[in-house]
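Undergrad: The sequence and its predicted three-dimensional model are supplied below.
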Amino acid sequence: MYRKSLTRRRFMTVAAAGVGATLCSLPLGRSAEAAPVSDHEALAYEKLDGRVVQCVLCPRECIVREGQRGYCEVRENQGGVYKTLVYGRVCAAHVDPIEKKPLFHFLPGTRVFSIATAGCNVECQWCQNWDISQARPEDLRSQYLPPKKVVEVARRYDCPTVAFTYSEPTIFYEFSLDTAREAKEAGVHSVTISNGFIQAEPMKRLCEVLSAVKVDLKGFREEFYRDYVHGELKAVLATIELVKGLGIHLELVTLLIPGLNDGEDETKDLSRWVVKNLGPDVPLHFTRFHPAYKMKNLGRTPARTVERARQIAVSEGVHYAYTGNLPGSEHENTFCHGCGKKIIERYSFYVGQTHVTAGKCDYCGAQIPGVWQQNSKAETPTR
Ligand code: SF4
């Protein structure tokens with residue numbers, strides 16, 4: 001099994017030291033090679049009359065006149081040809097624990113080389129990474145890392161996986177697609193950490209070279225998506241079903257914001273939808289909100305609200321429901337749905353003892369959903 005579990009003693013030492021996350025940040029400072037302006041033709045767009053283009057990458061379907069950009073600010077109509085301005089233009093690059101994404105059923109205890117470019121196709125009012133997600137590419141210092149180089153760096157830092165993350169990978173689609181292709185050829189996994197606001201055709205194409213997808217299911221009410229995300233719940237649910245249908249390992253995360261999306265009825269509806277449409281084995285994380293961006297006026301989510309949401313999900317039939325941003329909670333750990341024993345011990349992003357071998361519970365032999373070995377595909381329990 002490809003993993004680097006800590007010994008129990010080391011685990012407790014690391015855990016006691018705090019909840020620091022990033023293992024290493026790559027230099028994007030003055031000494032880094034500055035990224036050239038990208039001149040890469042975009043995929044997923046149509047040419048209309050009068051040098052106007054229509055982007056069909058995400059459900060916004062922006063119609064863009066010559067010289068203008070789409071809503072995400074990283075795609076520009078240059079003389080009737082649509083260009084991505086962020087191909088290879090990396091503004092954040094870190095080696096993280098895979099648990100930080102969070103992906104709990106994907107090579108636990110391993111490192112992931114995580115990259116982002118500027119831009120996003122929605123505007124969550126609480127975004128933790130608003131300084132890059134809401135920026136134009138020219139406003140950020142970036143380093144030029146073409147796909148081959150990304151894979152090379154991942155290998156150099158002993159990362160079996162590359163993650164497209166932090167901002168929104170949909171808007172650097174061409175770059176992530178080429179990187180995932182390159183990575184696959186080199187035996188390196190690729191995962192995307194997305195808001196799921198993407199059209200079906202480009203997502204299908206990307207899934208051909210991905211090993212896992214984490215979708216932020218930001219709430220379960222269309223009004224919430226309209227008012228606080230500036231996106232559409234219906235489109236996100238369609239992406240989630242698509243990914244599940246393609247057999248790619250999938251995990252979902254819902255950040256609970258006090259008074260906005262943390263009602264018990266909403267959590268119940270969300271959990272029911274997951275079980276009915278995806279089955280009980282898709283891991284579902286409920287995480288605690290911290291005030292950020294345009295929502296600094298709200299307090300942190302009470303720990304009991306997060307624990308209660310997890311409990312609701314379990315009572316609705318979800319096999320693997322977790323709490324997040326609550327270091328020390330019992331429900332950061334994984335318990336086998338077959339025998340109930342603790343099979344993966346965690347503290348925040350750190351992994352302690354694991355009792356999963358070749359995708360099976362060491363105690364009862366139940367198949368645990370996920371990707372557990374470097375050279376394997378997603379395991380789905382048979383029911
Ligand atoms: S990816 Fe950007 S340009 Fe394309 S439709 Fe979405 S917001 Fe508009």
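TA: Cool, the structure landed. What you see is a predicted model, and the numbers here were worked out from it, not measured in a lab. Residues are numbered from 1 along each chain as shown.

Undergrad: C-alpha only now, for contacts and for neighbours.
TA: Will do.

Undergrad: ok, now which ones touch residue 81?
TA: With contacts defined as Cα atoms under 8 Å, 6 or more residues apart in numbering, residue 81 is in contact with 41, 47, 51, 53.

Undergrad: Spatially, which residue comes closest to the third one, not counting chain neighbours?
TA: What sits nearest to residue 51 in space, not counting adjacent residues and going by Cα to Cα, 6 or more residues apart in numbering, is residue 80, at 4.1 Å.

Undergrad: Please apply the same query to the first one.
TA: The shortest distance from residue 41 to any residue other than its chain neighbours is 4.4 Å, reached at residue 83 (Cα to Cα, 6+ apart).

Undergrad: and the one you found, helix, strand or coil?
TA: strand (DSSP: H, G, I helix; E, B strand; the rest coil).

Undergrad: hang on, it packs against residue 42?
TA: Yes - using Cα atoms under 8 Å, residue 83 is in contact with residue 42, at 4.8 Å.

Undergrad: Overlap of the contact sets of these two?
TA: By the contact definition Cα under 8 Å, 6+ apart, residue 83 and residue 42 are jointly contacted by residue 75.

Undergrad: part of a helix, is residue 214?
TA: No - with three-state DSSP as the criterion, residue 214 is assigned strand and is not in a helix.

Undergrad: Next, the contact list for whatever residue of the stretch 151-300 of the chain ends up closest to the ligand, please.
TA: When you check the stretch 151-300 of the chain against the ligand by Cα to the nearest ligand atom, the closest residue turns out to be residue 171, at 5.2 Å. Contact analysis of residue 171 by Cα under 8 Å, 6+ apart lists 72, 74, 119, 120, 121.

Undergrad: list the contacts for the second one?
TA: When you say that, I think you mean residue 74. Per Cα under 8 Å, 6+ apart, neighbours of residue 74: 84, 85, 86, 118, 119, 136, 137, 171.

Undergrad: repeat that for 7 Å
TA: Residue 74 makes contact with 84, 85, 86, 119, 136, 137, according to Cα atoms under 7 Å, 6 or more residues apart in numbering.

Undergrad: Isn't the fifth one up against residue 118?
TA: Meaning residue 136. Yes - in this structure, residue 136 is within contact of residue 118 by Cα atoms under 7 Å, at 6.2 Å.

Undergrad: between these two, who's got more neighbours?
TA: Of the pair residue 136 and residue 118, residue 118 is the one with more neighbours under other Cα atoms under 10 Å, namely 32 against 18.

Undergrad: where does that one fall, helix, sheet strand or coil?
TA: Classification of residue 118 into helix, strand or coil gives coil, according to three-state DSSP.

Undergrad: per-residue confidence at it?
TA: What the model reports for residue 118 is a pLDDT of 96.

Undergrad: what's the answer for residue 26, then?
TA: Residue 26 is assigned 62 on the pLDDT scale.

Undergrad: Ok, residue 374 next?
TA: 79.

Undergrad: Paired strands for the helix or strand in which residue 252 is found, with orientation please.
TA: In this assignment (DSSP states H and E), residue 252 forms part of strand 249-256. The strands beside strand 249-256 in its sheet (DSSP bridges) come out as strand 212-216 (parallel), strand 284-288 (parallel).

Undergrad: Next secondary structure element downstream of the last one?
TA: Next along the chain after strand 284-288, taking DSSP H and E as the criterion, comes helix 303-315.

Undergrad: What parts of this structure come near the ligand?
TA: Residues of the chain lying near the ligand by Cα under 6 Å from any ligand atom: 55-58, 60-62, 70-72, 75, 121, 171.

Undergrad: Quick one: the helices in the stretch 101-250 of the chain, in order.
TA: 130-133, 147-156, 173-185, 200-207, 222-224, 233-245 (DSSP state H, counting those that start in this stretch).

Undergrad: can you redo those helices as JSON lines with mean neighbour count?
TA: As requested, the helices of the stretch 101-250 of the chain are arranged in JSON lines below (neighbours: other Cα atoms under 10 Å):
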{"stretch": "helix 130-133", "mean neighbour count": "20"}
{"stretch": "helix 147-156", "mean neighbour count": "18"}
{"stretch": "helix 173-185", "mean neighbour count": "22"}
{"stretch": "helix 200-207", "mean neighbour count": "17"}
{"stretch": "helix 222-224", "mean neighbour count": "15"}
{"stretch": "helix 233-245", "mean neighbour count": "18"}
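
Undergrad: Could you export the ones you listed as CSV, including mean pLDDT?
TA: Putting the helices of the stretch 101-250 of the chain into CSV (pLDDT from 0 to 100) gives the following:
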stretch, mean pLDDT
helix 130-133, 96
helix 147-156, 97
helix 173-185, 98
helix 200-207, 98
helix 222-224, 98
helix 233-245, 98
